[in-house]
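Trainee: structure, please.
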Amino acid sequence: MISEKLLYSRVKKGDIKSFEVIFKEYYEKLVEYAFIHLKDIDNAEEVVQDLFYQLWNKREKLEISTSLKSYLFRSVHNNCLLRIQHEMIKHKYEDYIRSKDSHYSPEPIDYLKAGELDEKIEQTIESLPERTKSIFKMNRFDGLKYQEIAEKLSISIKTVEANMGKALKALRISLKEYIN
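Mentor: Below you'll find the model as predicted:
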């Protein structure tokens with residue numbers, strides 16, 4: 001079997017056959033892993049499909065410093081956490097609406113708004129520069145402290161703080177229409 005590094009270097013150059021090899025090797029395993037977190041096969045498949053879609057579309061820019069397998073599983077893990085967090089936000093929003101009016105029953109438009117909010121958050125995070133996105137996810141989804149991130153990436157705490165500031169500012173700007 002060809003090494004992961006060689007396969008991925010071929011993918012970066014646009015070799016669809018190498019991409020298919022990676023897809024066939026990891027798709028089912030990643031869906032099973034996502035299912036453990038999400039408890040929903042459709043969501044699990046969607047997370048993994050999105051990952052492969054991003055892997056192909058960002059192949060020229062994407063730098064994987066760990067093994068490909070580690071990268072794929074870590075990405076699925078992070079994306080599952082994102083999805084769970086979005087669900088929690090939706091539920092909080094629904095609870096808030098219900099608490100304002102105990103006779104209120106969510107309308108389809110409320111679910112649509114919550115879904116739009118989820119999508120906006122995800123798009124904003126994905127649009128961040130790679131380093132900023134990585135630092136944000138390490139802090140918010142992996143629960144690492146700034147010091148731990150700085151040590152892991154061999155950068156200063158000030159750099160971590162600056163990148164977190166950029167990420168949070170981007171989220172505030174992107175979500176201003178949802179914030180009262």
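Trainee: do a quick rundown of the helices in this protein.
Mentor: Under the criterion DSSP state H, the chain carries helices at the ranges 4-12, 16-38, 41-57, 68-100, 108-127, 130-140, 146-153, 157-174.
Trainee: helices and strands around the first one, which ones?
Mentor: Identification of packing neighbours for helix 4-12 by 3 or more C-beta pairs under 8 Å, 6 or more residues apart in numbering; DSSP states H and E yields helix 16-38, helix 68-100. Backbone N, C-alpha and C define where each C-beta goes, glycine included.
Trainee: what would those helices look like in CSV with mean neighbour count, mean pLDDT and distance to residue 47?
Mentor: Formatted as CSV, the helices and strands packed on helix 4-12 follow (neighbours: other C-beta atoms under 10 Å; pLDDT from 0 to 100; distance: least, C-beta to C-beta, whole Å):
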stretch, mean neighbour count, mean pLDDT, distance to residue 47
helix 16-38, 16, 94, 5
helix 68-100, 16, 85, 5
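Trainee: how about a markdown table for those, with distance to residue 121 added?
Mentor: What follows is the helices and strands packed on helix 4-12, written out as a markdown table (distance: least, C-beta to C-beta, whole Å):
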| stretch | distance to residue 121 |
| --- | --- |
| helix 16-38 | 17 |
| helix 68-100 | 7 |
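Trainee: and of the ones you listed, who's closest to residue 159?
Mentor: Distance to residue 159, taken as C-beta to C-beta, is lowest for helix 68-100 among those, at 20.6 Å.
Trainee: residue 66 against residue 74, yeah?
Mentor: Yes: Residue 66 is within contact range of residue 74, at 7.4 Å (criterion: C-beta atoms under 8 Å).
Trainee: so who does the residue most central in space within the chain touch?
Mentor: Centroid-nearest residue in the chain: residue 79, 3.7 Å away (criterion: C-alpha atoms, centre = their mean). Contacts of residue 79 were listed using C-beta atoms under 8 Å, 6 or more residues apart in numbering, and they are 34, 47, 50-51.
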